[in-house]
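predicted structure and sequence below. I'll ask about it afterward.
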Amino acid sequence: MIDYLLLVLVGFIAGVINILAGGGSLLTLPMLIFLGLPPNIANGTNRIAIIIQNIFAVKGFQSKGISTFPFSIYLAIPATIGAIIGAIVGVKIEGELFNKILGVIMMIIVAYMVFKPKTTLKDTSERSTGKYFWLSIIAFFFVGLYGGFIQAGVGFIILLALSSINHISLVKSNAIKVFVALIYSLAAVAIFAYNDLINWTYGLILSLGNATGGWVMSRWSVKKGDGFVKKALIIMVIAMAIKLWFPNFYSILANKLLDFFNGV
């Protein structure tokens with residue numbers, strides 16, 4: 001029962017993080033492994049929570065009047081094709097080097113968001129047709145490839161792609177993100193399930209927390225607007241990158257703080 005409660009709690013926090021920015025799987029994957037699942041089974045099990053979380057998040061955005069169709073459907077198709085390939089690789093390959101690469105990717109994203117040139121009024125108009133449409137189609141094939149392989153941190157990449165290629169607002173990009181991730185995750189889960197790499201009990205319990213966090217944050221982020229989402233995104237990217245490059249950083253920091261307060 002304690003394990004289940006931990007899964008729901010961590011799932012809720014991850015759901016909030018996933019919808020607001022991305023990277024919630026960097027919490028849920030270690031928790032699943034801590035509870036005894038092998039890394040590849042944890043990778044597959046986590047997808048169950050992602051699917052249910054994003055079903056609730058899509059409905060949450062829709063309840064606030066945010067609709068991204070049919071553009072999100074067009075992006076989901078190449079992402080699903082990529083996810084099938086990525087999941088086939090993901091059931092066989094794992095390694096610590098991937099965490100280092102992910103940390104670099106996230107720092108590139110935050111650097112781009114902080115230092116990118118200011119856009120003019122003309123530049124801020126959405127670009128979802130012509131060459132920009134096809135660029136996003138290609139980009140989302142690679143998004144799916146990455147998401148099918150590991151999932152953790154894919155939200156950051158999606159937000160960067162939609163912002164830089166299509167000039168779509170962060171709130172609307174989040175709505176597109178959860179729909180695309182929902183669709184390609186269905187294909188990825190099928191691959192992991194076929195290889196018997198899913199713990200369905202843990203996955204469904206974890207999804208209770210993810211779904212609740214996803215529903216709450218999808219509605220709240222619309223209310224708060226792009227400025228809040230951007231600030232939260234930058235903070236989360238930096239925090240996740242530190243975690244990936246220095247796995248013991250936060251535990252060491254916590255111990256130092258405890259020592260300090262005990263000394264006081």
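Structure received.

pLDDT below threshold where in the stretch 1-150 of the chain?
The model of the stretch 1-150 of the chain has pLDDT under 70 over residues 93-124.

likewise the stretch 151-264 of the chain?
For the stretch 151-264 of the chain (pLDDT under 70), the answer is 223-234, 236-237, 239-241, 243-245, 247, 250, 254, 264.

now stretch 197-213: buried residues?
197-199, 202-203, 205-213 (16 or more other C-beta atoms under 10 Å). In this view, the C-beta of every residue, glycine as well, is placed from N, C-alpha and C.

with just CA atoms, put it into CSV.
Presented in CSV, the C-alpha positions along stretch 197-213 are these (Å, rounded to 0.1, in the frame of the first residue of the first chain):
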residue,chain,number,x,y,z
LEU,A,197,7.9,-5.2,-20.7
ILE,A,198,5.0,-3.6,-18.8
ASN,A,199,3.9,-4.0,-15.2
TRP,A,200,0.2,-3.2,-15.6
THR,A,201,-0.6,-2.9,-11.9
TYR,A,202,2.1,-0.3,-11.3
GLY,A,203,1.3,1.5,-14.6
LEU,A,204,-2.4,1.9,-13.8
ILE,A,205,-1.7,3.0,-10.2
LEU,A,206,0.9,5.5,-11.4
SER,A,207,-1.6,6.8,-13.9
LEU,A,208,-4.0,7.9,-11.1
GLY,A,209,-1.5,10.5,-10.0
ASN,A,210,-0.4,11.5,-13.6
ALA,A,211,-4.0,11.9,-14.7
THR,A,212,-5.0,14.1,-11.8
GLY,A,213,-1.9,16.3,-12.2
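
which residue, other than its chain neighbours, is closest to Lys59?
With C-beta to C-beta, 6 or more residues apart in numbering as the criterion, Lys59 has its nearest non-adjacent residue at 7.4 Å, and that residue is Trp215.

now do Tyr202
Closest to Tyr202 by C-beta to C-beta, 6+ apart is Thr45, at 5.4 Å.

report the contact partners of the one you found.
Leu32, Leu37, Leu197, Ile198, Asn199, Trp200, Tyr202, Gly203, Leu206 (C-beta atoms under 8 Å, 6 or more residues apart in numbering).

those residues: which two are farthest apart?
For the contacts of Thr45, the maximum inter-member distance is 15.2 Å, found between Leu197 and Leu206 (C-beta to C-beta).

what about the residue nearest to Lys59, neighbour count?
21 (other C-beta atoms under 10 Å).

my guess is Leu9 contacts Leu208, does it?
No: using C-beta atoms under 8 Å, Leu9 is not in contact with Leu208, being 10.1 Å away.

what number of residues lie near Gln53?
Burial of Gln53 is recorded as 33 neighbouring residues (other C-beta under 10 Å).
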